[in-house]
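**Q** One predicted model, sequence on top.
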Amino acid sequence: MSLEDGLDKLSLNDKHGADRDHINTQILDKHAHNIKTDELSVTRGKTSKDKANRATVENVLDPRTMRFLQALKSRGIISEFNGCLSTGKEANVYHAFAGYGAKASEEDQECLPNLEERREYAIKIYKTSILVFKDRERYVDGEFRFRNSRSQHNPRKMIKIWAEKEFRNLKRIYQSGVVPAPEPIEVRSNVLVMEFLNRGDGFASPKLKDYPYRDREETLYYYHTMVAYIRLLYQCCQLVHADLSEYNTIVHNQELYVIDVSQSVQPEHPMSLDFLRMDIKNINSYFERMSVDIFPERAIFQFVISDNLERFEGDYTSAQDLRQYVAKTLRPKSGPDDEAEDEVFRSLHLVRNLGGLEERDFDRFTLGKFDLLKSLIAHDNQKVASNFTASEQYELSSSSDDEISEDEDSNEGGSESEDDDGESGSEESSDEGEWLEKSKEVKGKKHEDKDSKKQRKTDAKEAKREKRKTKVKKHIKKKLVKKTKSKK
Ligand SMILES: Nc1ncnc2c1ncn2[C@@H]1O[C@H](COP(=O)(O)OP(=O)(O)OP(=O)(O)O)[C@@H](O)[C@H]1O
Ligand SMILES: [Mg+2]
């Protein structure tokens, strides 16, 4: 079935002749030659030909999907379904005009305003081919929010989850109000309706990749904004984009909009930090090609994940304040030393806690090749810590201690007991212990008064209780280590 056949069937293009003709001439006629598979001219890029070849209309607009579109129309969500904006490997994006809403009477429907006055939507329709969704499992697996659905291996259901995931992520970003994103309107099976980011002349606003920067200053502005947004996504929206690039950001009304968030994950996802590092690398390499003085990847990473920013006096939810901070505080990469440091950073294995370890990681874990995020955070906290009192330092260390230190590995053999609720020294061989050592040096427990001692002990207990929540059970650890050894 071709798109035109589909549209005929849907009867989405058969009413309100006069005002619509204008836009249809603009959108449909102008691109009649490529309506089936090609993108509109604004989205036509180097790779579109390949994509177009792969993306057949049937891949997306199957009868079932057509029924969902029809349902959107009968509910008054959309009134017209137009040309294809983009054919990607996972989804096609179409243009549509908004309807009058479900409650609108027949009469209202008859006198819809001119097309120019109607809201425009982008409709993302996910492909249902099996090949595409295979790779998606790793983004859904490990997501607490999708814990009940990850075992579904039915492609239809998987795509539905994927579309819902994008809808929820988009909603979260949109509602946060701190990072611009198109407004999500509706999701139904593999069809997602969102606000269309319009350049003002019937065409989509450009992707960052196609945006014609006025000058160097503007390029730098978007780089700093992007870095600030990565932090805001992480800290305020609790999301790592996981496919952030110049292709998945749109410049609309001089603002940077984040799109394509189906694969975005929460910070608790076992791979979130790897995805974050990858996002930073992609963004850096794009802006480096745009001749921007980029910051070291490691510095951006720390900026994103740090709870506290050194000498930051602005509003933590303000992109503007963060952008200014980034511009003033982060030191651009200079010379081979910084590059070497980033090389090392890229090879680090980042884990939050042992709960996030996968079996393959145990090979490296047992071979002692493990690098931990802890070192990064500890490094950062030490800098921040100079501004804190000893007991605050301790709190700082225990609050950031949802990841486990290498020393914990040495506890593997056994002084530690799974149900030990006490605060015996044997458990304090981790960084937590280091912090305690420091706090001893500064304050000296001998002179500690009763109340603060009691508080310290309660804090320590609480910290350990928290830590145990994310801990891999000892018998599981042992089993995995044994398995790894027997493989050798
Ligand atoms: N809300 C929107 N407003 C305007 N254009 C949009 C919108 N959403 C998507 N697009 C256009 O459609 C393209 C593809 O969207 P998106 O990245 O979400 O899908 P995708 O399947 O990941 O595509 P790809 O595989 O090409 O990355 C975008 O690059 C953008 O040009
Ligand atoms: Mg995309």
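**A** Yes, it's here. Ligands and ions are numbered 1, 2, ... in the order given.

**Q** make it CA atoms for all contacts and neighbour counts henceforth
**A** Noted.

**Q** Can you find the helix or strand of the protein with the lowest average pLDDT?
**A** Of all helical and strand segments in the chain, the minimum by mean pLDDT, DSSP states H and E falls on helix 390-399, at a mean of 29.

**Q** Was I right to think residue 156 contacts residue 162?
**A** No - look at residue 156 against residue 162 with CA atoms under 8 Å: they stay out of range, at 9.8 Å.

**Q** And those two? Which one has more around it.
**A** More neighbours surround residue 162 than the other of residue 156 and residue 162, with 24 against 17 (other CA atoms under 10 Å).

**Q** Any stretches of the stretch 151-300 of the chain with poor pLDDT?
**A** Low-confidence segments of the stretch 151-300 of the chain, defined by pLDDT under 70, are located at 151-153.

**Q** all strands of it, in order?
**A** Taking DSSP state E, counting those that start in this stretch, the strands of the stretch 151-300 of the chain run over residues 184-188, 191-195, 249-252, 255-258.

**Q** For the first one, name the packing helices and strands.
**A** The reference is to strand 184-188. helix 155-176, strand 191-195 (3 or more CA pairs under 8 Å, 6 or more residues apart in numbering; DSSP states H and E).

**Q** Put the alpha carbons of stretch 286-295 into CSV.
**A** Output of stretch 286-295 as CSV, limited to C-alpha atoms (Å, rounded to 0.1, in the frame of the first residue of the first chain):
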residue,chain,number,x,y,z
TYR,A,286,30.8,17.8,16.5
PHE,A,287,31.8,21.2,18.0
GLU,A,288,35.5,20.5,17.5
ARG,A,289,34.7,20.2,13.8
MET,A,290,32.9,23.5,14.1
SER,A,291,36.3,24.9,15.3
VAL,A,292,35.1,25.5,18.9
ASP,A,293,37.6,25.3,21.8
ILE,A,294,36.1,22.3,23.4
PHE,A,295,36.4,21.3,27.1
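
**Q** what does that stretch contact?
**A** Contacts with stretch 286-295, where a contact means CA atoms under 8 Å, 6 or more residues apart in numbering, come from 216, 219-220, 223, 245-246, 284, 330-333.

**Q** Now the residues you listed in JSON lines, please, with extra columns for neighbour count and distance to residue 456.
**A** Listed next are the contacts of stretch 286-295 as JSON lines, based on neighbours: other CA atoms under 10 Å; distance: CA to CA, whole Å:
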{"residue": "216", "neighbour count": "11", "distance to residue 456": "52"}
{"residue": "219", "neighbour count": "18", "distance to residue 456": "49"}
{"residue": "220", "neighbour count": "19", "distance to residue 456": "46"}
{"residue": "223", "neighbour count": "25", "distance to residue 456": "43"}
{"residue": "245", "neighbour count": "23", "distance to residue 456": "45"}
{"residue": "246", "neighbour count": "18", "distance to residue 456": "48"}
{"residue": "284", "neighbour count": "23", "distance to residue 456": "43"}
{"residue": "330", "neighbour count": "14", "distance to residue 456": "35"}
{"residue": "331", "neighbour count": "13", "distance to residue 456": "38"}
{"residue": "332", "neighbour count": "14", "distance to residue 456": "41"}
{"residue": "333", "neighbour count": "16", "distance to residue 456": "41"}
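
**Q** Closest one to residue 233 out of those, please.
**A** Lowest distance from residue 233 to these (CA to CA) belongs to residue 245, with 14.3 Å.

**Q** wait, doesn't that closest one sit right on residue 279?
**A** Yes - Residue 245 lies in contact with residue 279 (CA under 8 Å); the separation is 7.1 Å.

**Q** re earlier: in helices, which of the contacts of stretch 286-295 fall?
**A** 216, 219-220, 223, 284 (DSSP state H).

**Q** Could you export the helices and strands packed on strand 184-188 as CSV, including distance to ligand 1?
**A** CSV is the format used below for those (distance: least, CA to the nearest ligand atom, whole Å):
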stretch, distance to ligand 1
helix 155-176, 9
strand 191-195, 5
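
**Q** picking up where we left off before, indicate which one of the strands of the stretch 151-300 of the chain is closest to residue 337.
**A** Shortest distance between residue 337 and the strands of the stretch 151-300 of the chain, using CA to CA, is found for strand 249-252: 30.9 Å.

**Q** Please list the residues of this structure that sit near ligand 1.
**A** 43, 85-86, 88-91, 93, 122, 182, 194-197, 204, 207, 247-248, 259-260 (CA under 6 Å from any ligand atom).

**Q** Weed out the non-buried ones from these.
**A** In those, burial by neighbour count holds for 43, 85-86, 88, 90-91, 93, 122, 182, 194-197, 204, 207, 248, 259-260, counting by 16 or more other CA atoms under 10 Å.

**Q** I'd like the distance between residue 298 and residue 188.
**A** 40 Å (CA to CA, to the nearest Å).

**Q** Which one's more surrounded, those two?
**A** residue 298 (20 against 17).

**Q** Kindly check the end-to-end length of stretch 192-211 for me.
**A** Terminal-residue distance, stretch 192-211 (CA to CA): 25 Å.

**Q** Show me which positions of it end up buried.
**A** Buried, per 16+ other CA under 10 Å, within stretch 192-211: 192-198, 203-208, 210.

**Q** Identify all contacting residues around that stretch.
**A** Stretch 192-211 is contacted from outside by 23, 26-27, 42-43, 85, 95, 119-125, 163, 167, 182-187, 246-253, 256, using CA under 8 Å, 6+ apart.

**Q** Look up how far residue 195 lies from residue 174.
**A** For residue 174 relative to residue 195 (CA to CA), the value is 11 Å.

**Q** overlap in contacts of the two?
**A** Joint contacts of residue 174 and residue 195 (CA under 8 Å, 6+ apart) are 182-184.

**Q** Tell me what angle the longest strand seen in the chain forms with strand 191-195.
**A** Longest strand in the chain, counting residues (DSSP state E): strand 78-87. For strand 78-87 against strand 191-195, the angle by axes from the mean of the first three to the mean of the last three CA atoms, to 10 degrees is 100 degrees.
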